[in-house]
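[1] okay, predicted coordinates and the sequence, questions at the end:
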2 protein chains.
Amino acid sequence: MADAVLFEFLHTEMVAELWAHDPDPGPGDNIWRWLLPLESWGQNMNLSVLESVGFRVGQALGERLPREMLAFREELDVLKFLCKDLWLAIFQKQMDSLRTNHQGTYVLQDNSFPLLLPMAAGLQYLEEAPKFLAFTCGLLRGALCTLGIESVVTASVAALPGCKFQVVIQNS
Amino acid sequence: MADAVLFEFLHTEMVAELWAHDPDPGPGDNIWRWLLPLESWGQNMNLSVLESVGFRVGQALGERLPREMLAFREELDVLKFLCKDLWLAIFQKQMDSLRTNHQGTYVLQDNSFPLLLPMAAGLQYLEEAPKFLAFTCGLLRGALCTLGIESVVTASVAALPGCKFQVVIQNS
């Protein structure tokens, strides 16, 4: 009854609680802010908090992976794993597509992202979208980190409830 | 892989994040504080935040119940439902015991409460326990509220990771 939706409810209420105590419009508050790199979210404390909570959850999930999964040879295999297995475990569905420029940039597209579903569709809600993506950006970054890959993860929305996560691998 | 633990990881990190930004010792900070009624938690903003997030998640879970469950005749049946079905859905286990004085007070005992498991055992950790119980107190209160029962829910710990939730029904 509850287990599949419990995570989504808790995520929704965590977001609501953060913004209830601190509406946090910030100087860069416009509907395009969420297209900016994550670093510029620094102005928005709440987004940073969500991203860092997501990062630690992603790390913890990564640490529970079977050991053989920690020995991926190819970067692309890791990304495929996130799109299939990790997404399925968290959201009961797979990512809809994965593209790459073969130079360390990956675009993961979910045409119906579960954490955006509670939002009504419509352009006027686009500016609310970053709240519901920051945690998952962190989660992807955290899982990748446990798998030995440093990255920057950002998200964008063109048409709710679809979204794209862009993963840029940081060469060490 | 991840779905069963995702909620627990997110809960743990939400607690950690709250205390990282606000250690919030408060004037009543001693290991007995968590034995006090919930109202006196008001001094501790973080506990109140967790309780209210839990309340709204509990309400949301309650709203997803099949309609026939909303027509419980007896208060005791509602409490039994929480101890069996709700606990199973959230924590993959049932509550260990349910006792009542038949005058509106119920004691729900979990001998190995999953959200306390990450904590090491030992008396010295008892003072950390309230952080990991406040959300669930709210969740029980929220689910009861959706089922038409106003209550005050508090928690206490005698031996980690066991705990007791006391539900006192508020007669309207």
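    In hand now; what should we look at?
[2] what about stretch A:125-140, how long is it end to end?
    End-to-end distance for stretch A:125-140: 24 Å, by C-alpha to C-alpha, to the nearest Å.
[3] buried set for it?
    Neighbour-count burial for stretch A:125-140 flags A:126, A:128-140 (criterion: 16 or more other C-beta atoms under 10 Å in any protein chain shown). Every residue, glycine included, has its C-beta placed from N, CA and C.
[4] show me what the helix or strand bottoming out on mean pLDDT in chain A is packed against.
    Least confident element among the helices and strands of chain A, by mean pLDDT, DSSP states H and E: helix A:3-21 (a mean of 85). Using 3 or more C-beta pairs under 8 Å, 6 or more residues apart in numbering or on different chains; DSSP states H and E as the contact criterion, the elements in contact with helix A:3-21 are helix A:45-63, helix A:134-146, helix B:3-21, helix B:45-63, helix B:87-91.
[5] what's it in contact with?
    By C-beta atoms under 8 Å, 6 or more residues apart in numbering or on different chains, the list of residues contacting helix A:3-21 from outside reads A:46, A:49-50, A:53, A:90, A:92, A:114-115, A:118, A:131-132, A:135, B:3-4, B:6-7, B:10-11, B:14, B:49, B:52-53, B:56-57, B:60-61, B:64, B:89-90, B:92.
[6] now do that helix against helix B:134-146, angle only.
    Relative orientation of helix A:3-21 versus helix B:134-146 (axes from the mean of the first three to the mean of the last three C-alpha atoms, to 10 degrees): 100 degrees.
[7] restrict helix A:3-21 to CA atoms and write it as CSV.
    Backbone C-alpha positions of helix A:3-21 (Å, rounded to 0.1, in the frame of the first residue of the first chain) are rendered in CSV as follows:
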residue,chain,number,x,y,z
ASP,A,3,6.0,1.5,0.5
ALA,A,4,6.1,2.5,-3.1
VAL,A,5,4.8,6.0,-2.5
LEU,A,6,6.4,6.6,0.9
PHE,A,7,9.7,7.9,-0.5
GLU,A,8,7.8,10.2,-2.9
PHE,A,9,5.5,11.6,-0.1
LEU,A,10,8.5,12.2,2.1
HIS,A,11,10.4,13.9,-0.7
THR,A,12,7.4,16.2,-1.4
GLU,A,13,6.9,17.1,2.2
MET,A,14,10.7,17.8,2.7
VAL,A,15,10.6,20.2,-0.2
ALA,A,16,7.4,21.9,1.1
GLU,A,17,8.9,22.2,4.6
LEU,A,18,12.1,23.8,3.3
TRP,A,19,10.2,26.4,1.3
ALA,A,20,7.6,27.0,4.1
HIS,A,21,10.4,28.2,6.4
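[8] from the middle of its chain, how far away would it be?
    Its chain's C-alpha centre and that of helix A:3-21 lie 15 Å apart, by C-alpha atoms, centre = their mean, to the nearest Å.
[9] ok, stretch A:150-161 next?
    Centroid displacement of stretch A:150-161 relative to its chain, using C-alpha atoms, centre = their mean, is 7 Å.
[10] now that stretch: buried residues?
    For stretch A:150-161, by 16+ other C-beta under 10 Å, it's A:151, A:153-157, A:160-161.
[11] who are the contact partners of the nearest residue to A:G104 once chain neighbours are set aside?
    With sequence-adjacent residues excluded and distances taken as C-beta to C-beta, 6 or more residues apart in numbering or on different chains, A:G104 is closest to A:I169, at 3.9 Å. Applying C-beta under 8 Å, 6+ apart, one finds that A:I169 lies in contact with A:75, A:104-106, A:149-151.
[12] need the helices and strands packed on helix A:3-21 in JSON lines with distance to A:F81, can you?
    Rendered in JSON lines, the data for those read as follows (distance: least, C-beta to C-beta, whole Å):
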{"stretch": "helix A:45-63", "distance to A:F81": "10"}
{"stretch": "helix A:134-146", "distance to A:F81": "9"}
{"stretch": "helix B:3-21", "distance to A:F81": "16"}
{"stretch": "helix B:45-63", "distance to A:F81": "30"}
{"stretch": "helix B:87-91", "distance to A:F81": "28"}
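[13] select from those helices the stretch with the lowest mean pLDDT.
    The minimum mean pLDDT among those belongs to helix B:3-21 (a mean of 85).
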